[in-house]
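Asks: sequence and computational prediction follow.
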Amino acid sequence: MFNKEEKHGRQFNQKMKPYLVYYYLMRNSDENHVVSTSDIIAYLDELGINAERRSIYSDISEMNKILWLIDSRERDEHKHENNKNYHDIFDAEDEFDPEENPYYEESKTIIYDKQRKGFYVKERRYDDSDIRLICECIYNSRSITQNKAEKLVNIMKEFISKYQAEQIKTNELVTDRIRTINQNTLYNLSDIRLAMSTKIEGKSHTPEKISFKYLKHDIESIGQLTERTRREEYVVSPYKIIINDGFYYLLAFDDHFQKMRTYRVDRMKNVKLLGEELDGYDEFRKIDLTDYIQRTFSMFSGDTVRVKIQFTNDLLDTAIDRFGTEKAIYKQVKNDKNHFTVSTKVSISNQFFGWICGFKKKAVILEPKEVVDDFVEFLNDIKEKY
């Protein structure tokens, strides 16, 4: 694989050896699996690099020192931000000499197990449970394609041993998730974040408007997204990226409608930065984001009204999941231990009424009367269809 030619009495690829030894240990060892010196030598030999046992021991010893020094530097920076620079730390040999530190032996990253007669990587900044969680989040995202998700998961597996990676059963992780088919979602996100940035490459940047074409599904071609014909191009002032139900949304001030709106990022095409200053700052500043997100994504859009709803007690968790606790008032019904009421602001819409219908007799809208009347009309309209 590598050039085996010797140069000035030394093997041409010898400088790569310590890195390759470390890579091999990272991928092939953990607390439950060790590799012998012979394993490492055989691996290097396959790559065209000759190595002796003594040189492997030396490489591992030096790597342990380097890793210890890096960790010491980062711990010091955490405690004394900006008090020491890189050169100060590595010139302070007395303070940072690993072999003189009483905790060095127990702080080594690469350990030799005398009983099993092999080396393994003891400590990582993450363990297989951390990587598993990240992989699950990747697979749970609906804003990236299946192929992209698999690529990202494979990258994450590089950070743990191959044995730990095998324990992450990616084929069991939300594989039936409905996903976007837009391959450019992550590029869209990058461009949007760039437009919203106040600094780019260390230089001051004024947040700017973006333009894009908005896509939709077409019954004639279900597997493809087509451009909406109502507007040739959308021009908006981007303010906030919101993640909801696995999708990315952009909260922005729309030039055409002159109000704040949300857009699915994976439905965007040809995102462009326009170099124009943002509009709608006053409108954005007036928004209570928590309330806006709850109304927009939980109950869809509609006129906001304070309503009082009665539920059976077994639906308390469901109600709290939907309305939260900060801006909703919950009370046990007087002289009734089986029901409670919640008073909260809700965006009145058919989706909200449909949500209530899902609980049948367990949920009842009590007030205001106009909302109750609208709900009855909603039910009668459905009944007429049957």
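Replies: Received the coordinates, thanks.

Asks: C-alpha from now on. contacts and neighbour counts both.
Replies: OK.

Asks: okay, helices next: where are they in the stretch 51-200 of the chain?
Replies: Secondary structure of the stretch 51-200 of the chain by DSSP state H, counting those that start in this stretch: the helices cover 53-79, 86-91, 93-96, 104-107, 128-140, 146-157, 162-166, 185-196.

Asks: now for the ones you listed, which one comes closest to residue 372?
Replies: Set against residue 372 and scored by Cα to Cα, the helices of the stretch 51-200 of the chain come closest in helix 128-140, at 37.7 Å.

Asks: could you give the angle of the closest one to helix 146-157?
Replies: 170 degrees (axes from the mean of the first three to the mean of the last three Cα atoms, to 10 degrees).

Asks: distance to residue 330 added to the helices of the stretch 51-200 of the chain, as CSV?
Replies: Below are the helices of the stretch 51-200 of the chain laid out as CSV (distance: least, Cα to Cα, whole Å):
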stretch, distance to residue 330
helix 53-79, 44
helix 86-91, 56
helix 93-96, 59
helix 104-107, 53
helix 128-140, 33
helix 146-157, 41
helix 162-166, 46
helix 185-196, 39
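
Asks: so which of the ones you listed comes closest to residue 274?
Replies: helix 185-196 (8.7 Å).

Asks: what sits up against the closest one?
Replies: For helix 185-196, contacts defined as Cα atoms under 8 Å, 6 or more residues apart in numbering pick out 143-144, 200, 206-210, 238-239, 265-269, 271-273.

Asks: in PDB, list the C-alpha atoms belonging to that helix.
Replies: The C-alpha trace of helix 185-196 is given here as PDB (Å, rounded to 0.1, in the frame of the first residue of the first chain):
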ATOM      1  CA  THR A 185     -31.100  20.400   3.000                       C
ATOM      2  CA  LEU A 186     -27.800  20.700   4.900                       C
ATOM      3  CA  TYR A 187     -26.500  23.100   2.300                       C
ATOM      4  CA  ASN A 188     -29.600  25.200   2.700                       C
ATOM      5  CA  LEU A 189     -29.000  25.300   6.500                       C
ATOM      6  CA  SER A 190     -25.400  26.400   6.000                       C
ATOM      7  CA  ASP A 191     -26.500  29.200   3.700                       C
ATOM      8  CA  ILE A 192     -29.200  30.400   6.100                       C
ATOM      9  CA  ARG A 193     -26.900  30.400   9.100                       C
ATOM     10  CA  LEU A 194     -24.400  32.300   7.000                       C
ATOM     11  CA  ALA A 195     -27.000  34.900   6.200                       C
ATOM     12  CA  MET A 196     -27.900  35.300   9.900                       C
END
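
Asks: mean confidence for it?
Replies: The average pLDDT within helix 185-196 is 89.

Asks: buried residues in that helix, which are they?
Replies: Neighbour counts over helix 185-196 (16 or more other Cα atoms under 10 Å) mark 185-186, 188-189, 192-196 as buried.

Asks: which among the helices of the stretch 51-200 of the chain is found nearest to residue 375?
Replies: Proximity to residue 375 (Cα to Cα) singles out helix 128-140 among these, at 34.9 Å.

Asks: hang on, the earlier thing: relative to residue 55, which of the buried residues of helix 185-196 is nearest.
Replies: residue 186 (44.6 Å).

Asks: separation between the closest one and residue 368?
Replies: From residue 186 over to residue 368 the distance is 44 Å, taken as Cα to Cα, to the nearest Å.

Asks: and for residue 53?
Replies: For residue 53, the distance to residue 368 (Cα to Cα) stands at 82 Å.

Asks: same question for residue 107.
Replies: 66 Å.

Asks: more neighbours: which of these two?
Replies: Between residue 107 and residue 368, counted using other Cα atoms under 10 Å, residue 107 has the larger neighbour count: 18 against 13.

Asks: which SSE is immediately downstream of the host helix or strand of residue 293?
Replies: Assigned by DSSP states H and E, residue 293 belongs to helix 289-293. Per DSSP H and E, the first helix or strand lying C-terminal to helix 289-293 is strand 303-312.

Asks: and that following strand, what does it pack onto?
Replies: If you count contacts as 3 or more Cα pairs under 8 Å, 6 or more residues apart in numbering; DSSP states H and E, strand 303-312 packs onto strand 339-348, strand 363-367.
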